[in-house]
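>>> Predicted model, plus sequence, below.
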2 protein chains.
Amino acid sequence: MLCHMHSQGGPLTQLRRGHEQLVLGLLRRYGRLSRGELGRHAGLSRTTLYDIVAGLLANGAVVASAKDPGPRRRGRPVELLTLDPAAGQAVGIDFARRAVHVAVVNVAHEVIGSASEAHPAGLPWEQRVDLAERLVGGLAGGALRLTPVGEVGGIGVGVVGPVGRTDAGDTPQHVEGTGDTEGAGDARDADKLAALLSERFGAPVLLDNNTRLAALAESTWGAAAGCQDVLYLRLSHGVGGGLVVGGSLHRGMDGLSGEFGHITVDPAGAPCQCGGVGCLETVASVGAVLGAYRAAGGAADDVPALIAALDSGDARAHRLLAEVGEQVGGVLAAVCNAVGPGVIVLGGELAEAGAALTGPVERALDAHVMPVSRRRLTIRRAALGEAGGALGGIALVLRESPLLAGYPAGRPNQEEGT
Amino acid sequence: MLCHMHSQGGPLTQLRRGHEQLVLGLLRRYGRLSRGELGRHAGLSRTTLYDIVAGLLANGAVVASAKDPGPRRRGRPVELLTLDPAAGQAVGIDFARRAVHVAVVNVAHEVIGSASEAHPAGLPWEQRVDLAERLVGGLAGGALRLTPVGEVGGIGVGVVGPVGRTDAGDTPQHVEGTGDTEGAGDARDADKLAALLSERFGAPVLLDNNTRLAALAESTWGAAAGCQDVLYLRLSHGVGGGLVVGGSLHRGMDGLSGEFGHITVDPAGAPCQCGGVGCLETVASVGAVLGAYRAAGGAADDVPALIAALDSGDARAHRLLAEVGEQVGGVLAAVCNAVGPGVIVLGGELAEAGAALTGPVERALDAHVMPVSRRRLTIRRAALGEAGGALGGIALVLRESPLLAGYPAGRPNQEEGT
């Protein structure tokens, strides 16, 4: 009575293949792992794991990469394993409002390159996809291989606006736009975009909000690499962010999470494009900050000019950034008390202001984060710049691969940020 | 070369046992499921699933329970499956500051009963465990069966103070107390408590913060049953809460999440026991609210007296609750914009104030939650009362069972709150 068996090559082969898939999936998610880390993640015995790894090394699917320098280890260095870097590549594309950013990473988690090109706002999707295809082609040198390790690869794509996920809980999916938010026009086009990209690249497409993807990228390759609980805040023309919770991107119901820019900081403040009043975005976006600087008698048309003023010791600029930093820090503190991240990553153009902004932010965190949590919390500048959204798309493809659909997001053997 | 096989009864039996374990684990997590829901969660083919279920029904591990009334379905009603209710029970114990609460639930998710007994603050652990054992014995009628369905059962235990989890990511574990928070003294004793309970009941112990457990209970059996993204706020002698994210309890780094009571509402406010200033707890705890009422000339020694004043139309009481509700709503709105829950559950003694509190809370949510999110968000009164912590311990045991360690928290086929 074994009608539930649909084996290919017999049950023993099937069992072994299951173990191989698990090992390949873990390397795909985490990049480099030692045999010890692999064993802990996979829950396989040492004997089984070494046997499976030996087979994968022999057939070339897995390679022994650079050794861990391991300053704290004695004896010979630990050998690290990755997927064969030549086995395939993953592509990330970030369709920002006025630019397309792309990145290509191989399945060993090595960044092959990234590229960007600005375009006018409102450029039709066909032309934005053309642009993306050309940029990706340039990076891959005509040798793009989107089918890594025996499974269909994917393209991770960032878009403006909320993106939810299906009931199945595995595949991010677009939520129909509602018209309330600036990005909704883009979001409504997401299904069409996914179909267009899928046809053009011949691969499935995973879509998510581009700012949230930047959060995932920073926790994979950037300022919070290896941290499992990360709060990412982006101070740009809009103010938004994302939460990485237990190593996975947090989406919230219908994808409406990470809207830190729409937390109220002044109930008597300015109206916000979201329909609210006095949101953080109304005081901490690039436009709001430059506007306030000019209203105070300063002269700066863009963020670099404002930073130049800060560097020259302009008191107005410092006073303004201190106020903005206090507001930003207050919002971050509230979210930290609620969610308990280990690392805050600050990104976006305004984060370039450096200590003039982060100093006041740190002081606000000191004042408003529970003391017991504050000392476990660090704040870092984003490391990936404008490539963050595209790299986050790749992180989504590599980390939330269907290969690992039945496998929980584990905790890599790395320390939380201190 | 199959040295990685450690089979018991051969690989085919092993594979089938794996499928059976998956089905049993899903029923343990979700309680009642139809065959269709089981198939979607398990990812098994219809043929395989029906075969496995038939076997489990034949040997009695699974029973067909009440049929789904299914108002929207045509044809014959869908048969729902549960684990055999007689197969075992799970016990939850909440060691609150001045009382022990216990609950017993069978593996079909039916609540058998709950009981509570108050005790003086600071009662030694041995005596609190004696009390728990006696209360559990009374509920189970001397027939407690803590070893459900072929696996070691567990006791889910709530304690005051932060509780984290191990690197493995599966087993909640106590984090050493830090001395900053009121509950830290209790938390330091958690390891000792777990050992004591494990010895007394002969079962492993899963520990977590009792307020967070109440959040999980409300999303399992209570006001937010079936919702995957829930924010629970408890307004009691302390102010705290918990987040259920994608169906699982969110812990944050080192278990320091859900500290909504320590979000600043007034930077110039009163000092808080956490070391901060002007935290929500300083204005919205039972003590703070009663103190403010008395300072305004009112007379109420406890929450029922305050509620009586509200019921009698006392303007001072209504004015005070309006202010408190506005502060509570402001904090909830900030967390909602960050995390994106579908349901807010309000618990604790002060939630009994009803519309005098929830009205202002709703108005603050209207003002401060992003409009696009606000209309997807509902607020409900907690349904489980003081049994919440103990029931949450059971939910932890049933939902985060080691049986499902390799299985992601899926999304049951239920609608989010509307």
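Ah, there it is. As the structure is a computational prediction, the values presented were derived from the model and not from experiment.

>>> near chain B, which residues of the stretch 251-400 of chain A show up?
Within reach of chain B by CB under 8 Å from any CB of the partner chain, the stretch 251-400 of chain A has these residues: A:251-260, A:262-264, A:267, A:274-277, A:330-331, A:333-335, A:337-342, A:367-368, A:370-373, A:376. Where C-beta positions appear, they are placed from N, C-alpha and C, glycine not excepted.

>>> So among the residues you listed, which ones count as buried?
Neighbour-count burial (16 or more other CB atoms under 10 Å in any protein chain shown) is assigned, among these, to A:251-260, A:262-264, A:274, A:276-277, A:330-331, A:333-335, A:337-342, A:367-368, A:370, A:372-373, A:376.

>>> Of those, which belong to helices?
Members of those lying in helices (criterion: DSSP state H): A:Gly330, A:Val331, A:Ala333, A:Ala334, A:Val335, A:Asn337, A:Ala338, A:Val339, A:Ala367, A:His368, A:Val372, A:Ser373.

>>> how about the closest residue to the last one other than its chain neighbours, phi and psi?
If I follow you right, that is A:Ser373. Residue nearest to A:Ser373 in three dimensions, not counting chain neighbours: B:Leu256, with 4.6 Å by CB to CB, 6 or more residues apart in numbering or on different chains. Per-residue torsions, B:Leu256: phi -100, psi 60 (degrees, to the nearest 10).

>>> A:Leu310: neighbouring residues, count only.
Here the number of neighbours of A:Leu310 (other CB atoms under 10 Å in any protein chain shown) works out to 21.

>>> isn't there a strand covering A:Arg17?
No: secondary structure of A:Arg17 (DSSP: H, G, I helix; E, B strand; the rest coil): helix, not part of a strand.

>>> Just list the residues touching the residue nearest to A:Arg234 when sequence neighbours are not counted, thanks.
Closest residue to A:Arg234 apart from its sequence neighbours, by CB to CB, 6+ apart: A:Gly348 at 4.1 Å. Applying CB atoms under 8 Å, 6 or more residues apart in numbering or on different chains to A:Gly348 gives the contacts A:Leu233, A:Arg234, A:Leu235, A:Ser236, A:Val239, A:Val286, A:Ala382.

>>> Going by distance to A:Asp130, which of those wins?
The closest of the contacts of A:Gly348 to A:Asp130 turns out to be A:Ser236 (CB to CB; 25.4 Å).

>>> how near is the closest residue to the closest one other than its chain neighbours to B:Gly276?
For A:Ser236, ignoring the flanking residues on the chain, the nearest one in space by CB to CB, 6+ apart is A:Gly348 at 3.7 Å. Distance check for A:Gly348 against B:Gly276: by CB to CB, to the nearest Å, it reads 28 Å.

>>> what's the answer for A:Ala387, then?
Distance of A:Ala387 to B:Gly276, given as CB to CB: 38 Å.

>>> again with A:Gly340
Distance, A:Gly340 to B:Gly276, by CB to CB: 15 Å.

>>> Can you pull out the residues in contact with stretch A:264-280?
Identification of contacts with stretch A:264-280 by CB under 8 Å, 6+ apart yields A:180-182, A:239, A:259-263, A:281-283, A:288, A:327-328, A:330-331, B:330, B:333-334, B:367-368, B:370-372.

>>> A:Leu197 touches A:Val205, doesn't it?
Yes: proximity of A:Leu197 to A:Val205 meets the contact threshold set by CB atoms under 8 Å, at 4.9 Å.

>>> Give the residues shared as contacts by these two.
Taking CB under 8 Å, 6+ apart as the contact rule, A:Leu197 and A:Val205 both touch A:Ile155, A:Val157.

>>> Quick check, the residue in the stretch 301-418 of chain A closest to chain B?
In the stretch 301-418 of chain A, the residue that lies nearest chain B is A:Gly340 (2.3 Å; CB to the nearest CB).

>>> ok, is stretch A:41-49 in contact with chain B or not?
Yes: against chain B, stretch A:41-49 shows contacts by CB under 8 Å from any CB at A:Gly43, A:Leu44, A:Ser45, A:Thr47, A:Thr48, A:Leu49.

>>> Quick check: of those, which lies closest to chain B?
The shortest approach to chain B among the residues of stretch A:41-49 next to chain B belongs to A:Thr48, at 3.4 Å (CB to the nearest CB).

>>> any idea how far that closest one is from A:Val345?
Here the criterion is CB to CB. By it, A:Thr48 lies 38 Å from A:Val345.

>>> So these two - more neighbours on which side?
Ranked by neighbour count (other CB under 10 Å), A:Thr48 and A:Val345 place A:Val345 first, with 32 against 20.

>>> From A:Gly18, how far off is the more buried one?
Going from A:Val345 to A:Gly18 by CB to CB gives 37 Å.

>>> which ones are touching A:Gly39?
A:Ser45, A:Arg46, A:Leu49.

>>> Next up, phi/psi of the residue lying closest to the second one once chain neighbours are set aside, please.
Spatially, and ignoring its direct neighbours in sequence, A:Arg46 is nearest to A:Gly39 (6.1 Å; CB to CB, 6+ apart). When read as degrees, to the nearest 10, the backbone of A:Gly39 gives phi -60, psi -40.

>>> Just give me the residue right at the centre of chain A.
Residue closest to the average C-alpha location in chain A (CA atoms, centre = their mean): A:Leu216, at 2.3 Å.

>>> Can you give me the pLDDT of it?
According to the prediction, A:Leu216 has pLDDT 94.

>>> helices or strands up against the helix or strand containing it?
Assigned by DSSP states H and E, A:Leu216 falls within helix A:210-220. Other elements packing on helix A:210-220 under the criterion 3 or more CB pairs under 8 Å, 6 or more residues apart in numbering or on different chains; DSSP states H and E are strand A:89-95, strand A:155-159, strand A:230-235, strand A:239-245, strand A:248-249, strand A:343-347, helix A:388-399.

>>> Could you list the single helix or strand in chain A with the lowest mean pLDDT?
In chain A, the helix or strand scored least confidently by mean pLDDT, DSSP states H and E is strand A:172-174, which has a mean of 38.

>>> Tell me if I'm right that A:Val129 and A:Ala195 touch.
No: in this structure, A:Val129 is not within contact of A:Ala195 by CB under 8 Å, at 10.6 Å.

>>> which one of the two has more residues nearby?
Between A:Val129 and A:Ala195, A:Val129 has the larger neighbour count (other CB under 10 Å), namely 19 against 11.

>>> residue in the stretch 151-300 of chain A nearest to chain B?
Residue of the stretch 151-300 of chain A nearest chain B, by CB to the nearest CB: A:Gly252 (2.3 Å).

>>> Can you check what pLDDT the model gives that residue?
Note on A:Gly252: pLDDT of 83.

>>> Listing request: residues of chain A with sub-threshold pLDDT.
Along chain A, the parts satisfying pLDDT under 70 run over A:1-12, A:14, A:66-76, A:140-153, A:164-189, A:400-418.

>>> How is it partitioned into domains?
The record's domain parsing of chain A by automatic domain parsing lists A:12-68+A:78-83, A:87-218+A:388-404, A:225-383.

>>> Could you dump those domains into a markdown table with distance to B:Pro85 added?
Below are the domains of chain A laid out as a markdown table (distance: least, CB to CB, whole Å):
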| stretch | distance to B:Pro85 |
| --- | --- |
| domain A:12-68+A:78-83 | 31 |
| domain A:87-218+A:388-404 | 28 |
| domain A:225-383 | 32 |
